[in-house]
Structures are given as structure tokens and as C-alpha cells.
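[1] Next come a sequence and a model predicted from it.
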Amino acid sequence: AQSVTQLDSQVPVFEEAPVELRCNYSSSVSVYLFWYVQYPNQGLQLLLKYLSGSTLVKGINGFEAEFNKSQTSFHLRKPSVHISDTAEYFCAVSNTNAGKSTFGDGTTLTVKP
Amino acid sequence: DAEITQSPRHKITETGRQVTLACHQTWNHNNMFWYRQDLGHGLRLIHYSYGVHDTNKGEVSDGYSVSRSNTEDLPLTLESAASSQTSVYFCASSESSGRSEAFFGQGTRLTVV
């Protein structure tokens, strides 16, 4: 079995400040990790994913995430946020070949002017 | 462009009625999923399918059913709608691999009165 814990349900931050959204996972086997973003009244879309190789993964809109196997974490970061980054962010893990992911409960990022 | 569409986008129904939510994808993906999204619970998996005539129960499958007669469609049926099933429902599809991200529809907001 696998599980995902997003450590912060809400993260308020001022525009142009850095932000980190935290994600821990548990799994007894190797995993693939994903971050998705959901803008208001829309479906989820992929920000970035870790499959193998370099532990630092770069995604769209200036976001990046670092895979840390020893700490079973996959935290999402952005050095300078914009108002338009206000959204819900979901961390997800998959450890099978079939493609079923387990999602965290989400983190609401609110960027204030 | 390939896409995944859900219909209707909004629906109000009465307790006890049967309701079917449609999901259609043109990605030619084998995997399809139905999730519900509620405040404080993130995304919870209802049912999923790994191919035609294959269906599997997720973590919150009671009161829901699906059938997969072709690659493109996975309709979700609420046999007898209950107020507890008021939620936003998302359909997603992916390739047959844990390495593949999911592509989400825009969601269906269902209200059971």
C-alpha cells in the first residue's frame, strides 16, 4: 500500500516571496511522484513528475521539486510566486506498472499582493 | 487535440434518483478513473478501469457503478442518489504505466437535494 501526506493544508504567501509545499509519501517499493495544480473550477493538470535519475525536477511555471528517498519526501518549490499561482496543489504517488495514483489531500496556496 | 470531456458540468437531482455522469476521452488511453473531491478529503478514488470490460472498485465505491464497453467512455452511475453524494466528480485517463501522468476532465458538480 502507498500513501501521501501533504503537511500543510493552506499556505498564504506574499507576491514575489519564495514558497515550499511539503509532501511526504510511504511505500514499500520504488515510486513515481507527481505534482498537479488545480485552478478554480478546473480539473487538475500536471506540474512536474519524478520517474528516475536526477532528484531535482523542473516543471512548468517556474516550479521545481526535489525527490529525497531517505526522507521519503517530494517537496515543491518556487523562488518567487505570482498572484496567478493561487491554486490548489496535489502531490501524488504511483508504484505500480498499471497507472493508479494515490493523491494527497491538497495544499491551497494563496498569493497575496 | 486529444482531450477528456465530462458531461454535464452541473447537475441537480433528487434523493433516490438514478444519475449517470459521462466521461469521454480521445487520448486512446487504456486507464480511466473516477474521483470525487470534497473539502478536507482531497481526491478519493471511486472506480477505475484498465481496459475494455475491466472495472475495479476504489476506496469509496459504495453506491456507484461503472461499465467500460469501449476505450473512449467510462460512465459513472449513482444507483440511488443520496445527499452524501453531493460533490465534484472528476474523470481522468492515463496510459497503462505507473510512469504516466493522469489527464483530467473539467469536473461535474453534482448536487443531491
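    Thanks, I have the structure now.

[2] helices and strands of chain A: which one bottoms out on pLDDT?
    strand A:102-103 (a mean of 92; mean pLDDT, DSSP states H and E).

[3] who are the neighbours of that strand, in terms of helices and strands?
    Counting contacts by 3 or more Cβ pairs under 8 Å, 6 or more residues apart in numbering or on different chains; DSSP states H and E, strand A:102-103 is packed against strand A:3-6, strand A:87-94. Bear in mind the C-beta positions are built from the backbone N, C-alpha and C, glycine included.

[4] Centre of the chain to that strand, how far?
    11 Å (Cα atoms, centre = their mean, to the nearest Å).

[5] What are the buried residues along whichever helix or strand comes after that strand?
    Later in the chain than strand A:102-103, the nearest helix or strand by DSSP states H and E is strand A:107-112. In terms of neighbour count (16 or more other Cβ atoms under 10 Å in any protein chain shown), strand A:107-112 has its buried residues at A:107, A:109, A:111.

[6] Give me the phi and psi angles of the residue most central in space within chain A.
    Centroid-nearest residue in chain A, with Cα atoms, centre = their mean: residue A:35, separated by 3.6 Å. Backbone torsions of residue A:35, given as degrees, to the nearest 10, read phi -120, psi 130.

[7] What residues does it make contact with?
    A:21, A:23, A:46-49, A:59, A:63, A:65, A:74, A:76, A:89-92 (Cβ atoms under 8 Å, 6 or more residues apart in numbering or on different chains).

[8] Helix or strand next in line after the strand ranked longest in chain B, which one?
    Criterion DSSP state E: the longest strand present in chain B is strand B:42-51. Downstream of strand B:42-51, the first helix or strand assigned by DSSP H and E is strand B:54-57.

[9] how far does the longest strand of chain B sit from the chain's center?
    With Cα atoms, centre = their mean as the basis, strand B:42-51 stands 7 Å off its chain's centre.

[10] residues from chain B in reach of chain A?
    When proximity is defined as Cβ under 8 Å from any Cβ of the partner chain, chain B approaches chain A at B:31, B:33, B:35, B:40-43, B:45, B:48, B:50, B:90, B:92, B:94-102, B:104-107.

[11] low pLDDT regions in chain A?
    Applying pLDDT under 70 to chain A flags the ranges A:97.

[12] Which residues of it lie near chain B?
    A:6, A:32, A:34, A:36, A:41-46, A:49, A:51, A:90, A:92, A:94-101, A:103-106.

[13] please redo it, this time with the cut-off set to 6 Å
    Taking Cβ under 6 Å from any Cβ of the partner chain as the contact definition, chain A meets chain B at A:32, A:34, A:43-44, A:46, A:49, A:51, A:94, A:96-99, A:103-106.

[14] and these, which are buried?
    Buried, going by 16+ other Cβ under 10 Å: A:32, A:34, A:43, A:44, A:46, A:49, A:94, A:99, A:103, A:104, A:105, A:106, out of those.

[15] Could you find the closest non-adjacent residue to the third one?
    This means residue A:43. Leaving aside its sequence neighbours, residue A:43 sits nearest to residue B:104 (Cβ to Cβ, 6 or more residues apart in numbering or on different chains; 3.4 Å).

[16] which residue is nearest the centroid of chain B?
    residue B:34 (2.9 Å).

[17] picking that back up, return the most buried member of the helices and strands packed on strand A:102-103.
    For those, average neighbour numbers computed from mean count of other Cβ atoms under 10 Å in any protein chain shown are highest in strand A:87-94, which has a mean of 24.
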